[in-house]
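Colleague: please find the sequence and the predicted model below.
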Amino acid sequence: MDQAFLKISSYAKEIGHIYETGDFAFYFYGLMKMIKPNVILELGTGYGATAFLAAQACKENQRGKIITYDDGSQWQESFDYNNFIQGKISEFNLESVLDFRKTSLNLLNFEELKDLKEVNVIFNDINAQPKYFFSILNFLLPRINKEAYFFIDRGATFWPNFCAIELSLEKLNYGKIPRSIYQFVENPEEFERLVRKYKFSVQYVKKDTKTDQDSFALIKIEEFDIQVI
């Protein structure tokens with residue numbers, strides 16, 4: 001087995017319990033190995049278990065990179081969060097496939113990411129409020145290349161988000177857009193065209209844990225097409 005993977009996986013197992021992301025990080029790694037994305041966007045780095053394994057998947061694929069954001073606000077001033085994460089990136093030799101950005105993001109308009117042209121996978125590990133589900137969807141749709149995967153931490157068990165997903169995706173698949181989304185949309189006609197272009201499906205996964213980070217939702221967005229053989 002690859003020694004780099006063993007080193008990162010040992011770290012993920014060691015600290016994964018802190019945010020209940022240890023097992024998820026390996027699931028995420030396996031999926032990235034299979035779908036071979038070009039751009040992975042993670043919102044909320046934490047201790048980096050998911051980011052490091054995803055970056056290792058990109059390295060093994062010889063394709064893609066992960067961009068991960070965290071403002072470090074959960075850490076005390078005495079803890080140099082930026083140097084800690086950068087040090088791990090160097091230790092795991094992931095500089096070419098992992099871009100860590102210690103900064104705040106405006107999750108309602110993503111002004112800091114306007115120049116990003118393509119996103120294949122996005123993992124919202126910051127806030128599961130429905131308004132961020134809508135704003136991220138608005139950000140993501142114009143940047144999809146045929147298909148995308150949208151992960152939401154707590155998406156299956158945080159009731160407001162679960163309801164937003166369930167009520168919205170059914171309508172979106174019929175080309176109908178919830179009025180709440182329009183507050184985030186700059187070009188309604190283009191957004192409506194993109195909604196009609198794609199179909200939306202969701203899977204909910206419950207984790208075996210007693211913490212509040214006990215689930216995730218995975219929304220797959222793909223071009224609407226029926227292949228006839």
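Modeller: Received the coordinates, thanks.
Colleague: make it CA atoms for all contacts and neighbour counts henceforth
Modeller: Noted.
Colleague: what about Asp225, distance to Glu192?
Modeller: Separation of Asp225 from Glu192 (Cα to Cα, to the nearest Å): 17 Å.
Colleague: of the two, who's got more company?
Modeller: Taking neighbours as other Cα atoms under 10 Å, Asp225 and Glu192 compare with Glu192 leading, 15 against 9.
Colleague: let me see the contact set for that one.
Modeller: By Cα atoms under 8 Å, 6 or more residues apart in numbering, the contact set of Glu192 is Gly175, Ile177.
Colleague: where are the low-confidence patches of the chain?
Modeller: Along the chain, the model assigns pLDDT under 70 to residues 1, 16, 18-22, 77, 226-229.
Colleague: can you give me the strands for the protein?
Modeller: Using DSSP state E, the strands found in the chain span residues 39-43, 65-69, 98-101, 121-124, 147-153, 198-206, 215-223.
Colleague: buried stuff in the fourth one?
Modeller: So the one you mean is strand 121-124. Within strand 121-124, the residues that count as buried by 16 or more other Cα atoms under 10 Å are Val121, Ile122, Phe123, Asn124.
Colleague: in a markdown table, list those along with distance to Gln203.
Modeller: Formatted as a markdown table, the buried residues of strand 121-124 follow (distance: Cα to Cα, whole Å):
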| residue | distance to Gln203 |
| --- | --- |
| Val121 | 15 |
| Ile122 | 15 |
| Phe123 | 14 |
| Asn124 | 15 |
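Colleague: wait, Phe200 touches Ile221, no?
Modeller: Yes - applying Cα atoms under 8 Å, one finds Phe200 in contact with Ile221, separated by 4.9 Å.
Colleague: who has more neighbours, these two?
Modeller: Taking other Cα under 10 Å, Phe200 and Ile221 do not tie; Ile221 has more neighbours (23 against 19).
Colleague: in stretch 213-229, which residues are buried?
Modeller: Those would be Gln213, Asp214, Ser215, Phe216, Ala217, Leu218, Ile219, Lys220, Ile221, Glu222, Glu223, for stretch 213-229 by 16+ other Cα under 10 Å.
Colleague: with stretch 183-197 instead?
Modeller: Phe184, Val185, Phe191, Leu194, Val195, Arg196, Lys197.
Colleague: look up how far Phe123 lies from the third one.
Modeller: Translated: Phe191. For Phe191, the distance to Phe123 - Cα to Cα - is 21 Å.
Colleague: can you check Asn61 too?
Modeller: In terms of Cα to Cα, Asn61 sits 20 Å off from Phe123.
Colleague: wait, which of the buried residues of stretch 213-229 is closest to Leu172?
Modeller: Ile221 (10.8 Å; Cα to Cα).
Colleague: in contact with the closest one, which residues?
Modeller: By Cα under 8 Å, 6+ apart, the neighbours of Ile221 are Glu147, Ala148, Tyr149, Phe150, Tyr198, Lys199, Phe200, Ser201.
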